[in-house]
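S.K.: Sequence first, predicted model second:
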Amino acid sequence: MVTNSTDSENLEARVSHVGAPPVVVAVVVHQPCPWLEDVVTSLASQDYPNLQTLFFVTATGAETDVIRHLLPAAVIRQVEGNPGYGPLMNEVSRLVEGESGFFCFMHDDVALDSNAISSMIEEMFRSNAGVVGPKMVMWDDVSVLQSVGLGADRIGDISPIVEHGEKDQEQHDAVRDVFLIPSACMLVRADLFREIGGFSPDIPLFGEDLDFCWRTHLSGARVLVVPAARARHRKEMDATRSVATMSALEARHRVRTVATLSGRVQLPGVLVQLLLMAIARVAIGVFNGTFRQALASLRASIAVIFDARYIIRRRAEVRPYRRVPAAEIHDLQSRGSARLWAFIRRRRSKVQEISGLTTVNLSNPKSRVVGVTALVVFALIIIGSRGLIGRGVASVGEFLPIRSASESPTVLISSVVSGWWQAGFGQASANPTGIVLLAIAGVGMLGRLGALQVLAVIGALFAGCIGMWQVARGFFGSRARIVGLLVYAAVPVPYAAIAHGRFGVLTCYAALPWILRLFVRAGQRPSGVHKTQMWALTVLFGAIVSAFTPAFLILVLFASAAWMTADLLSRVRWQAVVAVLQLMFVLIVGTVVLNFPWSSGFIAADWWQRIIGVQAVRAGNVGLATLARMDSGVIAISVLTLGLYIPVIIGLLIVRGDKLVWAARAATLVLFAMVAIALADAGFLHFALPEYGILFVMVACGLSLASATMSSFVFDDQAVSTYRWWKPLASVALVSIVIGSLPAVAFSANGRWGQPKVSLAQLLTQLPTDPASGDYNVVYVGRSDVLPMPAMRLNDQTAFAIADDGELTMRDHWLAPTNALTDSVAQALDAAITQQTVRAGRLLSSLAVRYLVVPIIDGAVSTNEQPLDVPPGLLEGLSLQLDFRRVYTANDLVIFENMAYTPSLTKLDEASAVLSQQAGTDALLSSQLHVTQVVPRVRDIDSTPTPIEVGTIHLAVPFSERLVLHVDGSDVIPRVAFGGTTAFDSPAAGTATLDFRTPWTHILLLLAQLVLWVAVISTTFDLRRVKSRFGVRRNQPVVLSGQEDALLSFTQAESIGSQ
């Protein structure tokens, strides 16, 4: 044991003027510790003349014997259970009588120098401090500093004053004010301790010192470090607990402390800073090995919402002694981010060590390689997306704009609740679940919907890369995983998807790696609550992704089949294969249930088309070598991408041991997808597949896993040195990865990932919006891959889609179910294309179809340099129609206007009203419809109050009994018109208003859906932890053995010197 000699005369001189005020040292002995003898001996050797000791023992009786032997006068109390350090120390104020004294709180792994107590007491009086602490040094090497007090920033992150491993050269030997003293050893005025309520009873461990010292500052007392007092510290409390447990507790207590003790004015800004820093930590933690700790911080920051009750109560308890303004407290805190400065200091020290050419650092550059590679990859993504960030995402393909007028959260939620889906002609059915999720995302973005779209596109790239980094976590080293991330970022799939506006492909690219990670977790066969949480997370994830891209379900099933096949071939335990199969069953069923009632279309007669959409007729016989480039022709040097396939083959040849199953999984992912694409390209499949881009996502995951597996075998395995023959092959594979990454790097120079400067949506702005002549519908007809919205199949070459007047927006992203009106459009178009009629305009007149748009060049799939052919007979057939007039003709677009159309909501003349009672094409072809009045429509299925005369009001939407026309308080019941639309025969004149009566069953279904979503989301969390958040319960009570409440007194004359 190391102690400092103290001259008795100097000590007497130092304390004589205060009469040696009593000090009670309280120590918690939590577990058997061989170093306890040194700790107790250091207390017995203290030169302070008025010292008493109190031990709380939760360990075995052996520790009690050690204390009795070295400190016979010590008071020892046995503790039942483990209530925590803070609550135990609060018992000191109850067990010690009197106010005019001091408490010294200590851990059981701190050994004081013999003059430590006296030095701290002396400085306590000299500086009029409330809390003081000693200089902490390493237990085994007193020349290395551990702590001379600590700082903290506004969000509670601790800022150490000394560097890690810093030598003690008396550079910190001046007394100084600090923000907090570690709870391992602190001396506190007894009256102050009692006034501020001691340690927080809700913080048993990790963070009690920050909370206590912060409240000390609020009371107006000083917190000092006294370097003349020295203590050795083992930090055994950190060593005996897992990193995850420490991180979770520290984060929760830190956030609670900040929210409780920050000033009222500063609190909103501090909470925002907490959240932003937590998000940044998660992004950085993915690559520097601190992801779990960062995730704990993010969870704690979000959970402050659930802690509102606790925070309000705790702030009320602190208010009586809050004497110092918050601005002064913030002046005491560290400037900027303590965590950021700590990171910079670590980086600087590493640079200094490298500049010294130390052998350890030169031989272990793994962390630097991983960090630099990740930063380079993410920098290239940002560079390649700079045009999207600056000018937004072009409205091409499925990238429909998100507008505040049509996609504001209020409008979307109102549409969902109404029970009327506006897609196509509109119909009485449930809205897609994705509309609700879009509304929630809009609220999360504070209404910045344009930024939401940019974030969704660019965020998908980051989400996919981070997911791939996580797939093999726990099985591969960081260097192997960063190679997998690099390959996943290098495949052209997502960039071709951005260029062509394939939102579904981009969504699958972001989501599939996370599903593969769930496969890995399922294979580990978790049980109990962990298994339930995994299933809930899988269902939640699948439901969210499928709400926007239903084809994701097909992709996941296909990927799971490849995964399970590889496991069976690799002789993985059959229980692991069954676990993945169970997970797939839960995912499919759970996804359908959570998206019900919209997902009821997944089990309809045309369920396959509803899930995968109408796929364009592909050229066929393109060739596997061309398709394997995965770029759809948008990257000039995409042939180099074929180099990414080489690690798949080489990995199967050289990988051994437990890595072989990963090589097999990677190979089967690639093989299954490429075989399916090759068969479809050769024409051997007689059913439609999801678009190739979605299947290429599966290939991308396989290529990434293959590269990571081979890299893990090379970098991680210790036994690979015996396989000398494979090294040339491994070198070839690594070189091929670099070569295969070049196309994506080169493509990033474009700045917009090849998106066109002029899109089809810009040309469509010439169509009138809400014209005075009445609302209308537009039919888009042509090749399905150039149509600006999801389409329905007309024939093998042609598809069509229907939208109301105005700009196409994100609400048109989902394919509406077919109905009698869409069937009528299909019949009219087919009759026109096959030239069976020249009056197709009359066939469409009752459907309010005013314009027919034939897109030819969309700037993405079909370009000026490589235009796609218009379906045969389409333009010729439409040009022959007597009621169609060309209003726009160009190389990229042809627009016909139907001169026979009638507006969407009109009053028909008497002859047309009689005609509306008939069904079939003959009635429509016999004469043209005429209207006498236009009624303006608003929102989805409402109208403005309009005076009407007696007659028939026609509405060009599918018939529904829930539609009603209010005329001066009277309800007009609807009837079927023209075999499918809706008409109201008003017997009286008056002011008319159209309305849709939401069925109560729809409201019940929405409530049931909401309950299911809340239940699944809740299941993904630890319900006991959530309950504790809301319940705000205190920790377990402290139970001590003994008879008297007051065991010690500041008026006692006992001291160590008398023992």
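M.R.: Cool, the structure landed. Numbers count the residues shown, from 1 in each chain.
S.K.: centroid residue for this protein?
M.R.: residue 463 (8.5 Å; CA atoms, centre = their mean).
S.K.: tell me which element that one is part of?
M.R.: Assigned by DSSP states H and E, residue 463 belongs to helix 449-471.
S.K.: Dump that helix to CSV, restricted to CA.
M.R.: The C-alpha trace of helix 449-471 is given here as CSV (Å, rounded to 0.1, in the frame of the first residue of the first chain):
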residue,chain,number,x,y,z
LEU,A,449,-42.5,17.0,-47.5
GLY,A,450,-39.9,17.8,-50.3
ALA,A,451,-37.1,17.0,-47.8
LEU,A,452,-38.9,13.8,-46.9
GLN,A,453,-38.7,12.5,-50.4
VAL,A,454,-35.0,13.4,-50.7
LEU,A,455,-34.4,11.8,-47.3
ALA,A,456,-36.2,8.6,-48.4
VAL,A,457,-34.2,8.2,-51.6
ILE,A,458,-30.7,8.9,-50.1
GLY,A,459,-31.6,7.4,-46.8
ALA,A,460,-32.4,4.1,-48.5
LEU,A,461,-28.7,3.9,-49.7
PHE,A,462,-27.4,4.4,-46.2
ALA,A,463,-30.0,2.1,-44.7
GLY,A,464,-29.0,-0.7,-47.1
CYS,A,465,-25.3,-0.3,-46.4
ILE,A,466,-25.8,-0.2,-42.6
GLY,A,467,-28.0,-3.2,-42.8
MET,A,468,-25.4,-5.2,-44.7
TRP,A,469,-22.8,-4.2,-42.1
GLN,A,470,-25.1,-5.7,-39.5
VAL,A,471,-25.9,-9.0,-41.2
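S.K.: hey, C-alpha coordinates of the next helix or strand after that helix in CSV?
M.R.: Following helix 449-471 in sequence order, the next helix or strand is helix 478-490 (DSSP H and E). Presented in CSV, the C-alpha positions along helix 478-490 are these (Å, rounded to 0.1, in the frame of the first residue of the first chain):
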residue,chain,number,x,y,z
SER,A,478,-14.9,-5.5,-38.7
ARG,A,479,-12.6,-5.6,-41.7
ALA,A,480,-14.5,-8.4,-43.3
ARG,A,481,-17.8,-6.7,-42.7
ILE,A,482,-16.6,-3.4,-44.2
VAL,A,483,-15.6,-5.3,-47.3
GLY,A,484,-19.2,-6.5,-47.5
LEU,A,485,-20.5,-3.0,-47.0
LEU,A,486,-18.2,-1.8,-49.8
VAL,A,487,-19.5,-4.3,-52.2
TYR,A,488,-23.1,-3.7,-51.4
ALA,A,489,-22.5,0.0,-52.0
ALA,A,490,-20.7,-0.7,-55.2
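S.K.: just checking, what packs against helix 478-490?
M.R.: If you count contacts as 3 or more CB pairs under 8 Å, 6 or more residues apart in numbering; DSSP states H and E, helix 478-490 packs onto helix 366-384, helix 449-471, helix 692-715, helix 727-747. Placement of C-beta: from N, CA and C, glycine included.
S.K.: Where does residue 577 sit: helix, strand or coil?
M.R.: helix (DSSP: H, G, I helix; E, B strand; the rest coil).
S.K.: Please report how far it lies from residue 472.
M.R.: In this view, residue 577 and residue 472 are 18 Å apart by CB to CB, to the nearest Å.
S.K.: So for these two, which residue has more residues nearby?
M.R.: Per other CB atoms under 10 Å, whichever of residue 577 and residue 472 has more neighbours is residue 472, with 23 against 18.
S.K.: Which pLDDT value does the model give the more buried one?
M.R.: Residue 472 carries a pLDDT value of 89.
S.K.: and the gap between it and residue 709?
M.R.: Where residue 709 is concerned, residue 472 sits at a distance of 8 Å (CB to CB).
S.K.: Same check on residue 122?
M.R.: 64 Å.
S.K.: same check, this time on residue 427
M.R.: For residue 427, the distance to residue 709 (CB to CB) stands at 50 Å.
S.K.: So those two - more neighbours on which side?
M.R.: More crowded of residue 427 and residue 709, by other CB under 10 Å: residue 709, with 30 against 19.
S.K.: Now do the same contact list for the more buried one.
M.R.: 472, 476, 480, 651, 655, 659, 662, 663, 666 (CB atoms under 8 Å, 6 or more residues apart in numbering).
S.K.: now with 6 Å?
M.R.: 651, 659, 662, 663, 666 (CB atoms under 6 Å, 6 or more residues apart in numbering).
S.K.: Looks like the last one contacts residue 705 (just checking).
M.R.: Yes: between residue 666 and residue 705 a contact is recorded at 3.8 Å, counting by CB atoms under 6 Å.
S.K.: ok, and which of the helices and strands packed on helix 478-490 has the densest surroundings?
M.R.: When those are scored by mean count of other CB atoms under 10 Å, the highest mean neighbour count falls to helix 692-715 (a mean of 27).
S.K.: tell me the mean pLDDT for that helix?
M.R.: Mean predicted confidence for helix 692-715 is 92.
S.K.: Just give the number of residues close to residue 646.
M.R.: Neighbour number of residue 646 under other CB under 10 Å is 22.
S.K.: typed the wrong thing, it's residue 68
M.R.: That count, for residue 68 with other CB under 10 Å as the rule, works out to 14.
S.K.: what about it, distance to residue 55?
M.R.: 10 Å.
S.K.: Would you point out the most distant pair within the contacts of residue 709?
M.R.: 659 and 666 (10.5 Å; CB to CB).
S.K.: and these two? which has more neighbours close in?
M.R.: residue 666 (28 against 23).
S.K.: ok, that one - contacts?
M.R.: So residue 666 contacts 702, 705, 706, 709 (CB under 6 Å, 6+ apart).
S.K.: thinking again about what came up before, packing partners for the helix holding residue 463?
M.R.: Helix 449-471 is packed against helix 478-490, helix 503-523, with contacts defined by 3 or more CB pairs under 6 Å, 6 or more residues apart in numbering; DSSP states H and E.
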